[in-house]
Each structure stands twice: as C-alpha cells, then as structure tokens.
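Q: I would like the atomic coordinates for the input below:
(chains A and B)
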Amino acid sequence: MKHILPTISLLAVLLVSCTAVNLNAPLPTYVTGVDPDTWAQIPSGEFYYGQHNEIASTDTYEIMVTDVTTTQYADFLNEALAAGYIRIDGDQVLGFYPGDEFRGVKHEERIDAGDWIFVPLNDPSQRIQFDGTIFTAQPGYEIHPMTMVSWFGAWGYCGYYDYRLPAEMEWEKAARGIDTRPLPWGDEILRTNANFYASRDPFEDMHSYGSRTTPVGFYNGNSYDGYITLDSASPYGLYDMAGNVWQWAGDVYEGTHYRFMRGGSKDNYDMDLRLWVRNNATPTYFSPGVGFRCTR
Amino acid sequence: MQTPKTRLNFLFSSTKGLILVAIALIGIVTAVWGMLSGPMAEIGVREVVVKLLGMDMLQAEREGRIIILYHAIAMAVVAIETYMITSLLAMKPLFKTMIRALITVGYILTMIFGLGFAYFGHTWPFHGLYIAGLTLIFFAGVLLTISLWPWNKEYYQLDKAYARTRSGVNLERVAFFATALTTVISALFGAIPGSLFGNGFNVFLAENIIRYPEKTTLEYSVIGHLHIMLALIAIMITLIIGRWLNFKGILHKIAMPLMILGTIVLNLGVWGVVTPLEPIAHMIIYVGATPSMLAALFLLIWSWNKLIRDGTANIPKPKFGQKINALLRDPLKFGPTWQMLFMNFTTSGIGIFMAVKLDEIFRVWPAREERIELTGHWHVLSAIIATIILLYYGNMIGLKGRLRQLYGWGIIVLSDIAFAAVTIFEMKRLFITEAEQQPLVNTLMYLMDFGLAMLLVILAAVMVWRLTDLLKTRGRWTEEIDHELSKEVV
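A: Sure, this is the predicted structure:
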C-alpha cells in the first residue's frame, strides 16, 4: 500500500486541479473614463521598428484609442445581421472573406473565398450573448475588449465601417512613438502598468479562473477602490497597447496563412508585452485573450 | 598536513575535483537564475533577487541575456563531459592536461564574465572575456578530437567482446571521436552567425521565429546549432554512461556502428539546413536520430539485463519480482538508462507526436502555445542530461547504503515528477481550454517547482557535505585526488 500511496496522492492532486472553473464568476465594475469611440491621429514619418530598431515609416493614419469593446462588437453584429453582411450557422457567426492567394509554401494552408467564422456563439468564454434576434454584451463586460473573435471577425468589423485592421508597422508606431522604448509608456514594467499574467489586478484570481480582461483604458492613472494604476498610455495616447488582449494585425503575408498579433495579453508574462513581440495563429483562431482595434 | 594548495590541486587538477567545481557552479547559477522567471517571478521573488544582487535587467535586452545564460550553463556541462572523457578513455597525458586546462579556464571565464556582462551592466571587457572563454573551449574541443584519434594502434581494442573492426579499431572510440569532431564543427555553426547577430546586437530566440515562412541562412544556422549541440551533448553522455557501465557484447557491437552512423547523419542533416538540402534536412535528421536512439536502447537493454543478472546471481530460478528488485536495487546504475527511457515520453515522444500532427493540431494553436512545447521539451532534455550526470557523480563520490538510495531515488523521482508536469503543461491544450486551465496550470507549476527545488536541495546537501569534507585534513577528497574514472568502470 505504501508503494502506491504516492501515485494515488499524485492522481488525487491532478484530479482536484481539473475541477471546473466558474467562467461567469462576478467581476468588479469600474468606469475608466476612457471613451472607446475616440481615435488618435498618428503623424506620417519615420520611427524605430522591431526589436532591432530598424528605421521604417508610415503615412498619416488614425487608430482607435482602445480595443473594440464587446458593446461595440454586439452593435456591429446587430447591424451586420440586418444588412445581410453576416449570417448565423449553428453556433457560429459567419461572414464572407474574398480569400488569399495560395503559393503552396511548406505549412501554408488555403484561405479560399467564402464564408469564414467571425465569432463562436454559445462558447462559455464568449462575452457576446445572442437570444435568437439580438446580440448584447454580457453584463459586466460591456466595456471590456471584444474577445473570442477570429481574424475574419476582426477584419469584418473594421471593413464594415470602412476602417481596416492596422498593419503591424502602424500598430507598432502607434504604440511606440518615435523613440526606441520597449513598452508604450517607457522602459520598464510594473504590475500597475498593464494587465498581464499574475499582475494582481482586481479582475484576477490565480487560484480559480486566472487572469481576466480589464475594461479598456483601465491603466490610466485612476484609482479603483484603492487599486492605483499608472497612466500607461502610448506616446499618442492609446491605451492597452501592452497586455490585456493580443490585437490582430491586418497584414496578409505571402506564403503563409498565419495572421499576426501584437501587444501580449492577460495570459502572458511581461516579456511578451514588449512592443516588437509577435504572436500568430490561423485566421480562424479565437481566444479569451485575443481582440483587436481598427485604423483608418 | 594538507595545505590550501593541495585542496586547490584537488579542485582544479583531479577529475573528481574538476567535476565537483563545475557541478557546484552550475548548481549556484541554476538556483539563483531560476528565481528570475516563471512562478518565482509571479510571486515577486525575482524583484527581491534583482535588487539584492544589484542586477541590471533591461526589458529590451532579454534575448541577449538568455543566450549568454544558456551558454554559461551549457559550457560547464560540456566541461564536465570532457573531464569524464579524458578520465575514462586512454590518451596522452599532455593532451589530457592541455584539454583540461583550456576547458576549465574557458568555462569559468564564460560563466563569470558572461553572466557579469549580461546581468550586471555592460562592462565590455567582460564580453571580451566571455568570448575568450568560448574560444578556449573551442580549442579544447579541437585538442580533444585530436587526442581521441581512433586509428592510432595504441588505442586499438584487443578484446573481442567490444565493438571493433577486423583490424582492431575501437568502434566505441570512433563514436567518441565522431561526436567530438562534429561538436567542434557544429560549434562553428553557431559561432559564425553569432558574430553577425551578436556583434550587430540582432539577437533572437529561435522559438520566436519558428513559423516565419522565410528565414535567412544565418537564422537557420542558429536554429541548427542549438538543436545539434544539445543532441551531441546527449549522445556524448550516452557514450560516457556506456563506458562507465562497461557496455560490451553483441549489443555493443551493434550499437556502436549505429551511434557513429547516427551522429554523422544527424549532423549532416543539421548542417544541410543552410544548403540546397534544406527541404529534406528534417528527413535526414530523422534518419540520423533513429540509429542513435536505437544505440541508446541497446545500452538500456544490456545494462538492465546486467543489473538483473548480477542481482539474481545467487538465486537459481529468479522470479519476476526478484528480477525487478535486482533491477531497482541500485538507483545510481539503474537511473541513467531509466532517464534515457523517460526522455522518450518527455522529449522524443513529444517531438515525434508534434511532427506527425504538426499541421493538424499544433500549427492550429497560436505560436505562443507552440513555443511552450518547443522550449519545454528541450529544457526537459537538458535537465535529463543534468540528472544523468548527477547520478553518475553520486557513484563517483562513493555514496553507499541508505544515502545512495536516497540520493539516487530522490533525483530520479523528483526530476521525473517535474518533467512529467512540464510535459502535461506543454500538451494541456489537447484536453483543456485556455479559460479553464488555471487550476491545472497551478498544480503543474507546483509539481515542477517542487520537483526541481527538492532536487536542488539534494544537490545543495551534497555540496555542503563536499565543502565540509574539503575542510577536513583527511577528508574523502584526499582519496579522490588520484581517482580516475577508467579505474572505476563497472
């Protein structure tokens, strides 16, 4: 018996660790005071791009000050459904994408013209609710970033309003400005700068559901029930350009079907919040840690 | 009366002293630097360590720091293997002295000044000394390769129980030679692109560019370098353990040609990534890895069979339970090959599964998930090699009785708990969603940290014992000063 005791104990620990997590646990509600409908203007000109500070340049453009919120996305879904821009198929919202050129490069997969998933419905992590007629934001998550949205869903949102997803260069310039800082607010990161893994924000419980999103613009220097944040806007006044959720970029690169994301998320250590860090996934991928914002 | 000079002689000129110093330094670096990441960073230990030691860690320089840290630890491991080889295999005394002098100065320079440069402000002469250290290690490797030249009649194998050619060339020595030679060449494979990237400060971590459809030749070189160096360190430790256990017989005769073939083909595959062979390089690597792994399997079969035979020699018709008892009786002799077998669950098995299901499963996940698998499996492989070294070291220092059992089984069980947890962590997306993973992640992190921390505690206890022993006039170190591993072959 004493020989199998360690094995039984280990299995017991593993079983306990697989207990269900309440994904709808209550969350605090704070008003950040940052308006998700505002845009920042980014001037044309050169800037330092990437980890190795290559010189690049962009034209003038505008970019959203915050990530697209669940409320904004729910509004889009309602308008787009009425306009026939999207359709519902089972537990998915689908929309048309014109496809990419396929070059047959190793590991490349075809992205043909057709209907692709925008968002899943009925997923426990989905913060958009659909009652059969109307899409609404889940109460408490209204001003949280829209997550569980595929690249197609992000592309479709921006395109519907004649916006577009930011190119990686545009995203990085908006986050970094024209110096070589690794983070939107400067050189170093503290827990009160951004929402990252184990950053101890009021929305996090590492013993249960782990890290959750914070409302857009949360890290603006305000105090929330005594939790004092640092103003962590980028040089152009954008919030959450590091942490909270990865943000889809618009670039479609030759020879690969992967779409790239920037900014790091609530589920990453601080190192992944550095401005040049890239993540990527298939364009159908969605996650509670991936959102987007638009540019125009 | 033993003077400090005699003690320094033990530490820096005897085989066991040199190995002790290298293990102690790796232990210190692992313990301190292990507190800078993962759960230790989460709970705030990193901040305390950084402040306490006055470290200077800029976010922008993380990749460069980590590359230097990897080299600092890896060079000490390479030094340990070199000490073992120069003690296990016959070679000219002058070669042995030169190789040991070069590699000892080399890895200590690399470790002290590399970490000094990377973590304590950029004192540029430190960087120069770090590079000088790596260079000395390279030359030690060149000398080791020359000293292992197997076609010298002095080193021919006369005993027909071992793998040899008809003319008597010792095929085990050929395998050592081939591994040393390809290691030296593969070091250049990293050094040359390293000059470009490093001196231009364009450092990158291979796991971060894995999905880019186009990579430069030098990026391929770096990726090839890190893979092949770890593989060669693993091959070398397999050969070392085989020599220690006195691997021989029919399985030795099959295994050694396989090891030679595997090592050469594996290297050709890796070097091929920067040639027009790139599209089939992975296939060549698989072809090379297979015979190497088969050779390790033959060592395992032979050694387990020997442990059972030796352990049941006095029993006329041993039962299954008695055979298992005999197999598990000595964890220090059973452990190294068990760890090699366990590696198949945590490293090779995962690697093969990933290769087979790459586009179907793993490339559907985001790149950051794939990065966890990539970094996880090679960290485990590195740590498995470290545990094999520690098991062999436990035998070297003459652990006996209950202490031998505790040390041996402690290393095996604790490390395997940690490695199993890492493996489940890598593969967790197969059975749990991101949103629901936190409790499982917490448990796995606790298991990993518990396993590795307790392993370090065991190591620390041994190191404290060795330190107190060193203070004694007639400590064990006075016996070990003249010990050579070739005299302790089982």
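Q: drop to CA atoms for contacts and neighbour counts, all remaining ones
A: OK.
Q: Run a quick neighbour tally on B:Lys400.
A: Look at B:Lys400: counted by other Cα atoms under 10 Å in any protein chain shown, it has 13 neighbours.
Q: actually B:Leu467, sorry about that
A: 12.
Q: So it, which state does it fall into?
A: Each residue gets one of three states, and B:Leu467 gets helix by DSSP: H, G, I helix; E, B strand; the rest coil.
Q: Mind jotting down where the helices sit in the stretch 151-300 of chain B?
A: Under the criterion DSSP state H, counting those that start in this stretch, the stretch 151-300 of chain B contains helices at B:171-199, B:217-244, B:250-271, B:278-311.
Q: so who does residue 82 touch?
A: All of this is about chain A. If you count contacts by Cα atoms under 8 Å, 6 or more residues apart in numbering or on different chains, A:Ala82 has none.
Q: Oops, wrong one, chain B.
A: B:Arg100, B:Leu144.
Q: can you tell me how far it sits from B:Asn170?
A: From B:Thr82 across to B:Asn170, the span is 19 Å (Cα to Cα, to the nearest Å).
Q: B:Thr375 now?
A: B:Thr375 is 37 Å from B:Asn170, by Cα to Cα.
Q: Near chain B, which residues of the stretch 51-200 of chain A are found?
A: A:Gln51, A:His52, A:Val105, A:Lys106, A:His107, A:Ser125, A:Pro182, A:Asp187, A:Glu188, A:Tyr197, A:Ala198, A:Ser199 (Cα under 8 Å from any Cα of the partner chain).
Q: switch the cut-off to 10 Å
A: A:51-53, A:105-109, A:124-125, A:180-183, A:187-189, A:197-200 (Cα under 10 Å from any Cα of the partner chain).
Q: Helices of chain A, start to end?
A: A:5-17, A:70-82, A:151-160, A:168-176 (DSSP state H).
Q: possible to save these as a markdown table with mean pLDDT?
A: Listed next are the helices of chain A as a markdown table, based on pLDDT from 0 to 100:
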| stretch | mean pLDDT |
| --- | --- |
| helix A:5-17 | 65 |
| helix A:70-82 | 97 |
| helix A:151-160 | 98 |
| helix A:168-176 | 97 |
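Q: Please report how far A:Thr192 lies from chain B.
A: A:Thr192 sits 14 Å away from chain B, going by Cα to the nearest Cα, to the nearest Å.
Q: What does the pLDDT read for the nearest residue to that residue once chain neighbours are set aside?
A: Using Cα to Cα, 6 or more residues apart in numbering or on different chains and skipping the chain neighbours, the partner closest in space to A:Thr192 is A:Thr229 (4.9 Å). Listed pLDDT for A:Thr229 reads 97.
Q: same deal with the one 3 residues further on?
A: Here, the pLDDT recorded for A:Ser232 equals 97.
Q: A:Ile4 now?
A: A:Ile4 is given a pLDDT of 67.
Q: where do the strands sit along the stretch 1-150 of chain A?
A: Ranges of strands within the stretch 1-150 of chain A are A:39-42, A:45-49, A:54-58, A:61-64, A:86-89, A:92-97, A:114-120, A:128-130, A:135-137, based on DSSP state E, counting those that start in this stretch.
Q: Show me the shaky parts of chain B.
A: B:1-2, B:200 (pLDDT under 70).
Q: and of the strands of the stretch 1-150 of chain A, who's closest to B:Arg243?
A: Closest of the strands of the stretch 1-150 of chain A to B:Arg243 is strand A:54-58, at 51.8 Å (criterion: Cα to Cα).
Q: Can you point out the buried residues in that closest one?
A: A:Ser57 (16 or more other Cα atoms under 10 Å in any protein chain shown).
Q: for stretch A:99-115, same thing?
A: A:Asp100, A:Glu101, A:Glu108, A:Glu109, A:Ile111, A:Asp115.
Q: Perfect, I'm done here.
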